[in-house]
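Here's a sequence, model it:
(chains A and B)
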2 protein chains.
Amino acid sequence: MRIVTTAAAQMGPIQRSDTRSVVVERMIALMDEAKAQGADFIVYPELALTTFFPRWYIEDQAEVDTWFEREMPSPETLPLFRRAREHGMAMSFGYAELTPEGQHFNTSIIVDKHGAIIGKYRKIHLPGHSEYDPERTHQHLEKRYFLPGDLGFPVWRTMGGLFGMCVCNDRRWPETYRVMGLQGVEMVALGYNTPSINSQNGAEGPEQRLFHNRLSVQAGAYQNATWVVAVAKAGVEDGHPLIGGSLIVDPNGVIVAECRTEEDELLVHPCDLDDTVFGKTTIFDFVRHRRVEHYGLITSQTGVVLPPE
Amino acid sequence: MRIVTTAAAQMGPIQRSDTRSVVVERMIALMDEAKAQGADFIVYPELALTTFFPRWYIEDQAEVDTWFEREMPSPETLPLFRRAREHGMAMSFGYAELTPEGQHFNTSIIVDKHGAIIGKYRKIHLPGHSEYDPERTHQHLEKRYFLPGDLGFPVWRTMGGLFGMCVCNDRRWPETYRVMGLQGVEMVALGYNTPSINSQNGAEGPEQRLFHNRLSVQAGAYQNATWVVAVAKAGVEDGHPLIGGSLIVDPNGVIVAECRTEEDELLVHPCDLDDTVFGKTTIFDFVRHRRVEHYGLITSQTGVVLPPE
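This next block holds a predicted model:
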């Protein structure tokens, strides 16, 4: 047994006017509660420090940059790092990263129990669009504000196991989990901010959005025999609703814990990393069963190419 | 609207002693029922003509070859082809194929409404093992009796749309659907024979096997915005139970019809191929969102390579 007692720290809405410090206080309160329940590792959402600002069309780059972090930890986030170290707890959270070179990424990190950032991931599958779209019920400007991640899907050795990350829309793409699965990943930490209504189809509401969230996460877990911890920022931000439904999914694809609110809410589960062994050595023993000679299109071709007429 | 009224023709058990002709009679009865319900296309299971013989360890190759078809149609299967042509109905079914060169494949075909075989697929992801395994509750010797498929995952233009096939264990591998998705597939016909108990884990019974069946098929449909028609051979064959749970899944990943028995049972659903358009042009518009530069391991590496210590 290799138990990592894991907390999924769903966060309720963060309004546009909320300061980083107010948010960090909420994150610390969740961390203290996780510690009381014995957690070794806590996972927070994508863009955990601010409102989901890609819903706003902003032309002034200086204003856009106010949503980004130029250093991590920063004076505002240092208290979170300190409390984690005091608790001896590892953590993962997402934030908007502005590099010294001026590049913008939708980033997530893993911080070990000593407070060191041991892993960084930059979101690869940016959804949405880059210019103002009057046809949408709300904007989703991730392709405007972020560059696609440039770090791949690494897997890190920490907490006695193999850990990876992805962010929000990445979870819908089986390539995400498979690239980590091919590195033996045993737990994927994943944050998301998912509008409750499809901006291009008003009839697609929260029930279907929650279904697609579960389906994508459960399939990724099962097909790679890995734990997945999927954590939402939820509720009504700036008048716009986000789904909750944070999940901890086991390596069989089974949901072992699921949030019921759209507020700050904690799930804690003792995840045994050895539960990945059966799947990885039988039905998903990749070396015996995968046939890469027939997968060529997956990497040779980005878009659809129809068969000849 | 491009409606293809599609029948999933689940088949109950076929005993070792049943002749091909008896089985073909059952298939024709299902086809007649499908015609009465207006079907344009009928999908039968994997290895639809015989018992699931890979559960038996057979050393005599001549005996093994009695489970294989050397021609298609054959005298025994010709009545099925004739009836389909009379009904103007397209069909897909699976069988064990022995080629003139002596190669053995787990094969599936699509036959158009004029009776022409317009597509052939040979199962790529063979599960199980190649030698007798005394540790298992029952044998699963697909790697002994079949070669891995050598035709890739083609997509064919027929019935006014884009059709693909896969067989049984292929459905658990996201690569299967993605290679077809990259060719614009709108409907995948898929047959299976899935033992109700995991031969390497007696605690994994039919409930979990049905869950994994649904999960794999629904995820493949959603993530590629395609219909999937998944059809079981079900019930107790030669004393060994197979799951049923045949499904028709829409391009949102939603189950629109599901079998409730382990017998010959028909599902019929009017599948609109245009229901694939929304997903293929928004969230799964591959050309806008896929990032093949980060998928390299999927095709460069068959098995797991762990990160350095």
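
beta partners of residue A:188?
Counting by DSSP bridges, residue A:188 is bridged to residue A:164, residue A:228.

ugh, typo on my part, it should be residue A:233
residue A:11.

okay, it: pLDDT?
Per-residue confidence (pLDDT) for residue A:233: 98.

what's it in contact with, if anything?
A:10-14, A:45-48, A:52, A:191-193, A:242 (C-beta atoms under 8 Å, 6 or more residues apart in numbering or on different chains). From N, CA and C alone the C-beta is placed, and that goes for glycine too.

Mind checking which of the residues you listed land in strands?
Per DSSP state E, strands hold the following members of these: A:10, A:191-192, A:242.

Quick check: of the residues you listed, which lies closest to residue B:180?
Taking C-beta to C-beta as the measure, residue B:180 sits nearest to residue A:192 out of the ones in strands among the contacts of residue A:233, at 27.3 Å.

how about the nearest residue to the closest one, chain neighbours excluded?
In this structure, residue A:192 finds its nearest non-sequential neighbour in residue A:168, 3.9 Å apart by C-beta to C-beta, 6 or more residues apart in numbering or on different chains.

number of nearby residues for the nearest residue to residue A:241 once chain neighbours are set aside?
Nearest in space to residue A:241, with sequence neighbours left out and distances taken as C-beta to C-beta, 6+ apart, is residue A:196 at 4.0 Å. Residues within reach of residue A:196, counting by other C-beta atoms under 10 Å in any protein chain shown, total 20.

and residue A:196, what is it in contact with?
So, once contact is read as C-beta under 8 Å, 6+ apart, residue A:196 ends up touching A:205-206, A:209, A:241-243.

can you rerun that using 10 Å?
A:204-210, A:234-236, A:240-244, A:262 (C-beta atoms under 10 Å, 6 or more residues apart in numbering or on different chains).

what's the answer for residue A:243, then?
A:192-197, A:205-210, A:212-213, A:232-235, A:262.

separation between residue A:210 and chain B?
Distance of residue A:210 to chain B, computed by C-beta to the nearest C-beta, to the nearest Å: 12 Å.

Tell me the most packed of the contacts of residue A:233, by neighbour count.
Among the contacts of residue A:233, residue A:191 has the most neighbours (other C-beta under 10 Å), with 32 neighbours.

you'd agree that one is up against residue A:46?
Yes: at 3.7 Å, residue A:191 and residue A:46 qualify as touching, with contact defined as C-beta atoms under 10 Å.

Mind listing the shared neighbours of these two?
A:93-95, A:106, A:108, A:123, A:166-168, A:231-233.

Residue A:245 reaches residue A:10, doesn't it?
Yes: counting by C-beta under 10 Å, residue A:245 touches residue A:10, with 8.6 Å between them.

Find residues that contact each of the two.
A:230-232, A:234, A:258-262.

mind listing which of those residues are in strands?
Those of the shared contacts of residue A:245 and residue A:10 lying in strands (DSSP E): A:230-232, A:258.

tally of neighbours for residue A:32?
Residue A:32: 12 neighbours (other C-beta under 10 Å).

hmm, back to that, could you tell me the per-residue confidence at the residue nearest to residue A:241?
95.

Next, it: phi, psi?
Dihedral pair for residue A:196: phi -70, psi -20, per degrees, to the nearest 10.

And for residue A:122?
phi -120, psi 120.

Tell me what it is bridged to.
residue A:107.

For residue A:258, give me its contacts.
Residue A:258 neighbours (C-beta under 10 Å, 6+ apart): A:8, A:10, A:210, A:214, A:230, A:244-249, A:267.

ok, residue A:308 - contacts?
Going by C-beta under 10 Å, 6+ apart, the list of residues near residue A:308 reads residue B:157.

Residue A:147 too?
Going by C-beta under 10 Å, 6+ apart, the list of residues near residue A:147 reads A:99, A:103-106, A:122-123, A:126.

run the last query once more with 8 Å
A:103-105, A:122.

Helix or strand: which one has residue A:62?
Using DSSP states H and E, residue A:62 sits within helix A:61-65.

And that helix, what's buried?
Within helix A:61-65, the residues scored as buried using 16 or more other C-beta atoms under 10 Å in any protein chain shown are residue A:64.

re the thing from before, compile the shared contacts of residue A:245 and residue A:10 into CSV and extend it with columns for distance to residue A:38.
Converted to CSV, the shared contacts of residue A:245 and residue A:10 look like this (distance: C-beta to C-beta, whole Å):
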residue, distance to residue A:38
A:230, 21
A:231, 18
A:232, 23
A:234, 24
A:258, 20
A:259, 19
A:260, 21
A:261, 22
A:262, 26
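
I'd assumed residue A:277 was in contact with residue A:1.
No: the pair residue A:1 and residue A:277 fails to qualify as a contact (C-beta atoms under 8 Å) at a distance of 11.0 Å.

out of those two, which sits in the busier spot?
Applying other C-beta under 10 Å to residue A:1 and residue A:277 shows that residue A:277 carries more neighbours, namely 14 against 7.

In space, what's closest to the more buried one - neighbours in sequence excluded?
Closest to residue A:277 by C-beta to C-beta, 6+ apart is residue A:225, at 7.9 Å.

mind checking how far that neighbour is from chain B?
From residue A:225 to chain B the distance is 10 Å (C-beta to the nearest C-beta).

and that residue, what is it in contact with?
Residues in contact with residue A:225 (C-beta under 8 Å, 6+ apart) are A:181, A:251, A:276-280, A:284.

Out of those residues, which two sit at the greatest distance?
Among the contacts of residue A:225, A:181 and A:278 lie farthest apart (C-beta to C-beta), at 14.6 Å.

More neighbours: those two, which one.
Per other C-beta under 10 Å, whichever of residue A:181 and residue A:278 has more neighbours is residue A:181, with 28 against 17.

Give the closest residue to the more buried one in space, chain neighbours not counted.
residue A:224 (3.3 Å).

what's the burial count for the one you found?
Other residues close to residue A:224 by other C-beta under 10 Å number 31.

Does it touch residue A:178 like I think?
Yes: at 6.6 Å, residue A:224 counts as touching residue A:178 under the criterion of C-beta under 8 Å.

Up against chain B, what does the stretch 101-250 of chain A have?
A:124-127, A:148-149, A:152-157, A:162, A:169, A:172-175, A:178-179, A:181-184, A:198, A:200-201, A:208, A:211-212, A:215-216, A:218-219, A:222-223 (C-beta under 8 Å from any C-beta of the partner chain).

Show me those that map onto helices.
Counting by DSSP state H, these place A:174-175, A:178-179, A:181, A:208, A:211-212, A:215-216, A:218-219, A:222-223 in helices.
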